[in-house]
Structure formats: C-alpha cells, structure tokens
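K.L.:
Take a look and give me a structure for this.
(2 chains)
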2 protein chains.
Amino acid sequence: MNFNIFEQKESFGGKLLKLTHNSSVTHTTMTLNLYLPHQYFDCHTAESLPIILFLAGFGCNPNNPSEKSFIQPYANEYGFAVLMPDTSPRVKDGQYKLGDGANFYLDATQKPWDKMFNMYSYIIKDLIPNIGKSFKILDLKRMSICGHSMGGLGSLLLFLKNPNLFKCCSAFAPLTHPMVCPGENKYFKIYLGSDKLEWAKYDPCELIKAYVGPKRPILIFQGTNDKFYIGKELLPEQFLKSSKGTLLEGLVDLRLEKGYDHSYYFVSSFMSETCAFHAKYLGLA
Amino acid sequence: MNFNIFEQKESFGGKLLKLTHNSSVTHTTMTLNLYLPHQYFDCHTAESLPIILFLAGFGCNPNNPSEKSFIQPYANEYGFAVLMPDTSPRVKDGQYKLGDGANFYLDATQKPWDKMFNMYSYIIKDLIPNIGKSFKILDLKRMSICGHSMGGLGSLLLFLKNPNLFKCCSAFAPLTHPMVCPGENKYFKIYLGSDKLEWAKYDPCELIKAYVGPKRPILIFQGTNDKFYIGKELLPEQFLKSSKGTLLEGLVDLRLEKGYDHSYYFVSSFMSETCAFHAKYLGLA
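P.N.:
Predicted coordinates:
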C-alpha cells in the first residue's frame, strides 16, 4: 500500500477514504480523497469497480467535490469509485503561494515551479497507476474523467492527451481555451514561460484539433449566469467550434443551463445527469 | 416584503434565496437561506407549499445545510420549501465572540446577552410569521422541523415547546440533555445564569416529560462513531428513556447508524429517509 489512510468517513453506505502519499513526481506529500461505494465492501473479492476521476477547481482541494458535489449516491446506485486528487502540491513557502491550489493540471517548465508543480504527470504517471496497485478491485480499464472549472480544463486536457485512458469525459463550466483568456494567461506564463507553443499543449481548443484516438463523447454543462462564462474566460462554444472537422465532431454535447452560476449549487444540480452519462460509457447502465 | 434578497442561486431546478431582514427580537440584521423548489415557480398562484425549518449546528450558518445537506433534490421531489435560519445574531464586538454561531436556540436572560441573543423568540415570533407574510404561497399550517447537532437541540426544543406548530420533528445527532453535558453547561450558564430551572426550559429530556399536545413523531439519526456521542454530550438514549410514560411514548424513533460520524457526510447520507419521513407527515407522500 503506497497510501496512508489518515481519515475514513462513512457516507451514503460507502466509505470516503482521506489519503496521503509521497509522490516521486511532485517531490512532496500529496493528499486525495477516494470514495468507495457499498459494492466495494459487499463483494470485495468479486467484481471489479470502474472509477471516475473527479478534478476540482481553482483554489479547491479534494474536500470540495466530496462535500458538495453529491456524487456519492450515484456512485452507490451505479457502482463506481470516485478518485478526487488535490489541485496542486501544497508547499509551505511564500515563493510558491501563487501556485497553491492552482497548478492547472499541467507540468511546469519554468523555475522554481518545474520541480514540484507537475500535476499532469502526477495524475497520469503516479496517482493512477499507484491507486490501481493499492486498490486492486479498481478496474483502470474502465475509467472516466470529469472536473469543475479549472478541473474541467484538467478533465478535457487529460482526456484529449491520453486517448485510450478514459471511456468518456465530462466537465462543469470548464476553462476550454486558456491561451486566449486573461485570467489563465498569468498562470500559464509563470509555469510555461512565454512560448505559446508550450501553452497549446494544455489548451483543449488546440488539443482537440490534433486528437487521434477512439471516438468517445464529451459532455459539458455550463450555467448561463456564470460570471466567468459571461466574462469570456470559459468559451465552451469555442471548444464546440474547435471540434468541427476533427475525429470528435458530433461527440461534444454542450448544455447551457439557464440561470445557473459557477458554484457547487450548479455542479450538484447536474450530478445526476453527469453520472448517468458516465455510467453508460463505463458499461454500468 | 420584510426580507431583502441579496443573492439568488439556481439549484436542482428550484432557487435558493439568500435573505437578510432586520429583526425586532435580536435587534440586528439577520441572514437566512430559503430554498424554493420548482413547484414554487411552476404554479405560483396555485397550491400552497409546506415548509421544513432546518436548524444548523454550532458554529454553522445557513450555508452549511444549503451546501452540504442535499435536501434540495427531495424538496423538489416532494414539493416543500426549506427555511434555514442563522445560528445566532452576528455582532462585530469582542464581548459577544463566545455567542457567535452558538445561541443554542434559547432566549438569554443574562446581561449582556439578553438584548440580542434570543434565537428562540426570533424564530417563533419573528422569522416564521414574517416569512409567511412575505411568501404567501408557504403554508405555515403544514410545517415541520429538523436540525443537526445544536440545531437538533433546537429542533427538539422548538417542537416540544410549541405542540401545534410542527407536524413532525427530526434531528441528526442532537444535543438532547444539555443540563447534564459539560460542553453545553458553559453556554447555558452565560445565557441563563446558574438556576437550573431556567436551563430545564430548553432541555428536551425535561421538556418531553411536560409535553401536552398532539401525538406527533420524532425521528433521530445518530452515528455510532460520532465523537460527541461517544463522549456522552448527546445522550439520545436518555431522550428515548425520558419519553417513556409521556404522551409521546412510542413516537420517538432513534436510529443508530453504524460507523457514521458527526459531519455533513452523515447528515447527507440520511437526508433521503429524513425527507420521506417529513413528506409523510406534511401530507406529501
């Protein structure tokens, strides 16, 4: 077991495990939450469980989705586990303050960030394989990904850069085109420098154009009263447009939800539909 | 309209209104959340809506239940509104620091608390009648009450002291016998002085013995891994015992839930059963 369980909470008939582990990618201790539905305990030696990777937003930590997204009842209904990583390494050093909870699911190339702020490789090369080794009942061949806001960016970019890893992808109010959005520019510059070719490696609107892989669906929920949407920081229509002429044309389902904002009140309201979507492509519905 | 809507959030097809109003009982501005299910907007002029009063716990505010309890989907399923008051007046003055979020749903008799820290009368004489006047579709004749922890104390005591006001009562991990619990003693003393007869007026284990009113049910959920339960600060078995020989004998349903703690992970896990209970006694199921 590479993970230390520092807290365990009963929740909706399953268990939420609060974990830490030492990452060789971020060179620090990482925290995460893992929700295991009742099926995990009912039939520990029997059937394997699919898994949804749920990426949290800017400034959040693994507790935001586990306390506020309301995914647990659906995890129990369909029978899937939910893996909720942190949003950055947590470094108690003033010079890293800007990066706290704000690593944008990329690998930094610039000093001093490049040593630790590598959430992209952390998730792909460290967290996922090691969680599979430690919790053998989890079926990494039936995995999907979702995320909120900055975590929606993570969800899209991890999905598009790893065409065979996730059965489907969903996002709540994702940042889809960070290259052109002032709010994200600042961070992309500190992590990746000024070369926009480097930025394109983590920009879903760019990545989708180069996508080569299976035809798998992407579901996006966007509230119309979301101040970041209104302020053109999210640009989901641009992402939909970018999918035209690509292998994923027709597979991006953008749902504009009237009056909803950017908060977890929005996320939790569409968790039922989101989980039905994931369950379908994970072979559970 | 006695209430000012300072924020409005779409949630699960209904709307969460964040309200303030000036209270003549607490002599200050009070905040609260009011959740209105989709039925409120579907048939504004038609049928009236029952209402559940949801009291939050120690140190909490109206956002804890609205963000973490997941009552909204059930409010929409059955068609009831949810009224979530604050847990105390909020006074920016060091001498009131101890009372912040900790008024225990009682009326203080001791200085300097007696002027403002009167959450019992605030809810009964100010909030409920005025919310009924401002939102005329709410049917105050079909009202029930629930609460968590200190709010569970509030739920039990308001129910027992007002026998005709609430159709039923439920509580998550309530403080049932504050007179004998060290954690609450401190607060009861500052608010009510040293006379234990005054304390008994807000102690459910005492109140149930003197209850005269309709035979209406009380549902209590208690996690067995709750540190306050283990530390004998909650004493639900004592409450059950106190109900023996009273008008409510046989109507107190105490459900011990194995392994659950004191958090909203526990509350949200049993919200479905709680709402089914309330819906039944509100005539909705």
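
K.L.:
Return the list of helices and strands in contact with the helix or strand of chain A with the lowest mean pLDDT.
P.N.:
Least confident helix or strand of chain A, by mean pLDDT, DSSP states H and E, is helix A:38-42 with a mean of 87. Secondary-structure packing of helix A:38-42 (3 or more Cβ pairs under 8 Å, 6 or more residues apart in numbering or on different chains; DSSP states H and E): strand A:14-23. Yep, even glycine has a C-beta here, placed from its N, CA and C like the rest.

K.L.:
Is the strand it packs on positioned near chain B?
P.N.:
Yes - against chain B, strand A:14-23 shows contacts by Cβ under 8 Å from any Cβ of the partner chain at A:Leu16.

K.L.:
what comes up buried for that strand?
P.N.:
Across strand A:14-23, burial judged by 16 or more other Cβ atoms under 10 Å in any protein chain shown covers A:14-19, A:21, A:23.

K.L.:
Which SSE is immediately downstream of the least confident helix or strand of chain A?
P.N.:
Per DSSP states H and E, the first helix or strand lying C-terminal to helix A:38-42 is strand A:49-55.

K.L.:
what about that next one, near chain B?
P.N.:
No - interface with chain B: strand A:49-55 contributes nothing (Cβ under 8 Å from any Cβ), its closest point being 15.9 Å away.

K.L.:
by contact count, what packs against that strand?
P.N.:
Using 3+ Cβ pairs under 8 Å, 6+ apart, strand A:49-55 is in contact with strand A:81-85, strand A:138-148, helix A:150-161.

K.L.:
continuing past that strand, what's the next helix or strand?
P.N.:
Going down the chain from strand A:49-55, the next helix or strand is helix A:63-68, by DSSP H and E.

K.L.:
Give the other helices and strands that that following helix contacts.
P.N.:
strand A:28-36, strand A:81-85, helix A:264-269, helix B:63-68, helix B:264-269.

K.L.:
I'd like the average pLDDT over the shortest one.
P.N.:
Strand A:81-85 shows a mean pLDDT of 98.

K.L.:
Report the inter-axis angle for it versus strand A:14-23.
P.N.:
40 degrees (axes from the mean of the first three to the mean of the last three Cα atoms, to 10 degrees).

K.L.:
Run me through the strand neighbours of strand A:81-85, direction for each.
P.N.:
strand A:28-36 (antiparallel), strand A:49-55 (parallel) (DSSP bridges).

K.L.:
So for the longest one, what gets flagged as buried?
P.N.:
Applying a neighbour-count criterion of 16+ other Cβ under 10 Å, one finds A:30-36 buried in strand A:28-36.

K.L.:
So which residues on chain A come close to chain B?
P.N.:
Residues of chain A lying near chain B (Cβ under 8 Å from any Cβ): A:9-13, A:16, A:66-68, A:70, A:72-73, A:223, A:225, A:257-261, A:263-266, A:268-269, A:272.

K.L.:
and A:Thr246, what does it touch?
P.N.:
A:208-209, A:211 (Cβ atoms under 8 Å, 6 or more residues apart in numbering or on different chains).

K.L.:
Filter those residues down to the buried ones.
P.N.:
For those, buried by 16+ other Cβ under 10 Å: A:208-209, A:211.

K.L.:
Which residues does the spatially closest residue to A:Tyr265 that is not a sequence neighbour form beta bridges with?
P.N.:
If the residues on either side of it in the chain are set aside, A:Tyr265 comes closest to B:Ser11, at 4.3 Å by Cβ to Cβ, 6 or more residues apart in numbering or on different chains. Here B:Ser11 sits in beta bridges with B:Gly14, going by DSSP bridges.

K.L.:
next one: A:Ile5
P.N.:
Beta-bridge partners of A:Ile5, counted by DSSP bridges, are A:Leu19.

K.L.:
ok so, going back, in the least confident helix or strand of chain A, which residues are buried?
P.N.:
Neighbour count says helix A:38-42 has A:39-40 buried, by 16+ other Cβ under 10 Å.

K.L.:
Just the C-alphas of that helix, formatted as CSV.
P.N.:
Coordinates of each C-alpha in helix A:38-42 appear next as CSV, following Å, rounded to 0.1, in the frame of the first residue of the first chain:
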residue,chain,number,x,y,z
HIS,A,38,-21.0,0.0,-0.9
GLN,A,39,-20.3,-2.5,-3.7
TYR,A,40,-16.7,-2.3,-2.8
PHE,A,41,-17.5,-3.8,0.6
ASP,A,42,-20.3,-6.0,-0.4
